[in-house]
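> could you work out the structure for the sequence below:
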Amino acid sequence: MDDNEDWLKGARECMDLHFKLADEFNPLMANLYSDDALIQNTVLNSDGSQKTRVIPASYYKSIIAKAMRMAREMGDTYSYSDLEFKKEGDRVRVTYTRYSHLRDYSSPVSMLMGLEGDEAGMVFEELSIMKGYG
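Alright, predicted model coming up:
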């Protein structure tokens, strides 16, 4: 296997773990995020307005367990499609579309993850766009 296949195989394995933990509503998902990760969410409202917010990684990690519990109770499951990987130095940019079965909509997600050593699978950036209700 050449270097290109090695990093891609590693990136796919990292995303498989990420999706597995999400599908299991597992609060250990918080461990996949760096303490200084950039978490940015843009909400697109039905009136055409949008609001972008940056969520501190420490706060985001602290609410993952609660969010997982709520998602399980509500039956909020997701499907993932359009998965693409692009190497950026010693990290990988992963983009995909997340479909919420409960809310019946798709949202694009972009993540920057580590590939090597202690950083393998660690999320350093997550950018997402979701439909709002305002």
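
> tell me where the model's unsure across this protein.
1-4, 132-134 (pLDDT under 70).

> what ranges does it have for its helices?
Secondary structure of the chain (DSSP state H): helices located at 3-23, 57-74.

> out of the ones you listed, which is closest to Glu119?
Closest to Glu119 of these, according to Cβ to Cβ: helix 3-23, at 10.2 Å. Quick note: C-beta positions are derived from backbone N, CA and C, even for glycine.

> so what pairs up with the nearest residue to Tyr80 once chain neighbours are set aside in the strands?
Nearest non-adjacent residue to Tyr80, counting by Cβ to Cβ, 6 or more residues apart in numbering: Tyr96, 5.2 Å away. Using DSSP bridges, the beta-bridge partners of Tyr96 come out as Val109.

> which phi and psi does the closest residue to Glu116 other than its chain neighbours have?
Of all residues not flanking Glu116 in the chain, Asp90 sits nearest, at 5.6 Å (Cβ to Cβ, 6+ apart). The phi/psi pair for Asp90 (degrees, to the nearest 10) reads phi -100, psi 20.

> again, but for Leu115
phi -120, psi -20.

> from memory Lys51 sits against Val43, does it?
Yes. Applying Cβ atoms under 8 Å, one finds Lys51 in contact with Val43, separated by 5.1 Å.

> more crowded one of those two?
With neighbours defined as other Cβ atoms under 10 Å, Lys51 and Val43 compare such that Val43 has more, 17 against 11.

> quick one: that one and Ala37, what's the gap?
19 Å (Cβ to Cβ, to the nearest Å).

> okay, now Leu32: neighbour count?
Counted with other Cβ under 10 Å, Leu32 comes out at 20.

> got the contact list for the residue nearest to Tyr80?
Tyr96 makes contact with Met15, Tyr80, Ser81, Asp82, Leu83, Glu84, Pro108, Val109, according to Cβ atoms under 8 Å, 6 or more residues apart in numbering.

> which residues touch the residue lying closest to Val123 once chain neighbours are set aside?
Computed as Cβ to Cβ, 6+ apart, the closest residue to Val123 that is not its neighbour in sequence is Tyr33, at 4.8 Å. Shown in contact with Tyr33 (Cβ under 8 Å, 6+ apart): Ile39, Ala57, Tyr60, Lys61, Ile64, Met122, Val123, Glu126.

> cool, thanks, signing off.
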